[in-house]
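1. the sequence and its predicted three-dimensional model are supplied below.
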Amino acid sequence: MSKMESIDQVQEMLSGEGYVCGRDLATVTFLALRLGRPIFLEGEAGVGKTEIAKAIASGLGRDLIRLQCYEGLDAASAVYEWNFAAQMVAIRTAEASGGADRSALQEELFGPDYLVERPLLKAMRPNERGAPVLLIDELDRTDEPFEAFLLEALSDFQVTIPEIGTIKAPEPPIVIVTSNRTREVHDALKRRCLYHWVDYPDFNRELEILKSRAPEAAEALSREVVAFVQALRTEDLFKKPGVAETIDWAKCLLALDVLTLSPEVIADTLGAVLKYQDDIAKLQGSEAKRLLDEARATLEPA
């Protein structure tokens, strides 16, 4: 399925795409590519679950097909739908011309010209660039009936369209399923996948990630930003900031020409790193200074 010959090669490929990960995640990725197994990634929002799919697609030169899950998503919406408006135009045109062959018209109406392909069907189609990367993002937002459908689709890598028949992937797509664990996903689906929990990175890895994504940031500022975010995660917050927020915050500080953190700068830019008012309120006044002092105390000389 891929040209990756070793775990180190996978890690280098991901790093080349700006995705810094540990050997454990690189190992799961290598095995998934070698064995043709889906990857199931769980973890808090913003820790890089979605980004690895983008990095794999870019690194391997494959198309990325994303199915963004949501409450109420059903099989039809994920696989296909018919272009109803175009079908109605074709019917009226045939009626106006008269003498239309009804069976021929029906065959035409439910043919490829009127089929709107959704992510799962697109992922099953032949692709000259090789099997695409299929990202099934935030599966925990859907309900159990969709999970059951997905279980069958991932087992056989095929989908059925009643009017056309069964379409089977000539080469299984590279599947990455993510979950923020707002609810438990059924074990039967997890068993089809290689599982990995994506945790918050430690200081050194998060600093490396930030350098990769915001290389223009000065070393001193990057270290302060990472140390402060790491300190924030030890607080009792409704939503702890992820790596995505660390990167966003650093870019905001750069846009403001900030060279070093201060309680005033933190207060002005907290909306880039915390997303709930109750959490922001906890960092008002002397709390921001306390956390900043604690963060600086953990920093060793660069």
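-> Sure thing, it's come through. What you see is a predicted model; the values in this text were computed from it and never measured.
2. helix or strand for Leu135, which one?
-> strand 133-137 (DSSP states H and E).
3. who does that strand pair up with?
-> strand 64-68 (parallel), strand 174-179 (parallel) (DSSP bridges).
4. name the next helix or strand following it along the chain.
-> Sequence-wise, the next helix or strand beyond strand 133-137 is helix 144-156, with elements assigned using DSSP H and E.
5. what is that next one packed up against?
-> If contacts are counted by 3 or more CB pairs under 8 Å, 6 or more residues apart in numbering; DSSP states H and E, helix 144-156 sits against helix 75-79, helix 187-191. C-beta: built from backbone N, CA, C; applies to glycine.
6. now Asp140: how far from Gln68?
-> 13 Å (CB to CB, to the nearest Å).
7. who's more crowded, the two?
-> Looking at Asp140 and Gln68 with other CB atoms under 10 Å, you find the greater number of neighbours at Asp140, namely 16 against 12.
8. quick one: residues contacting the more buried one.
-> Contact analysis of Asp140 by CB atoms under 8 Å, 6 or more residues apart in numbering lists Cys69, Ser179, Asn180, Arg181, Thr182, Arg183, Glu184, Val185.
9. quick one: it from Glu147, how far?
-> With CB to CB as the criterion, Asp140 and Glu147 are 10 Å apart.
10. who touches both of these two?
-> The contact sets of Asp140 and Glu147 overlap at Val185 (CB under 8 Å, 6+ apart).
11. where does the prediction get shaky in the stretch 51-200 of the chain?
-> Within the stretch 51-200 of the chain, the stretches with pLDDT under 70 are 99-100.
12. what comes into contact with stretch 90-97?
-> So stretch 90-97 is contacted by Ala100, Leu105, Glu108, Leu109, Tyr114 (CB under 8 Å, 6+ apart).
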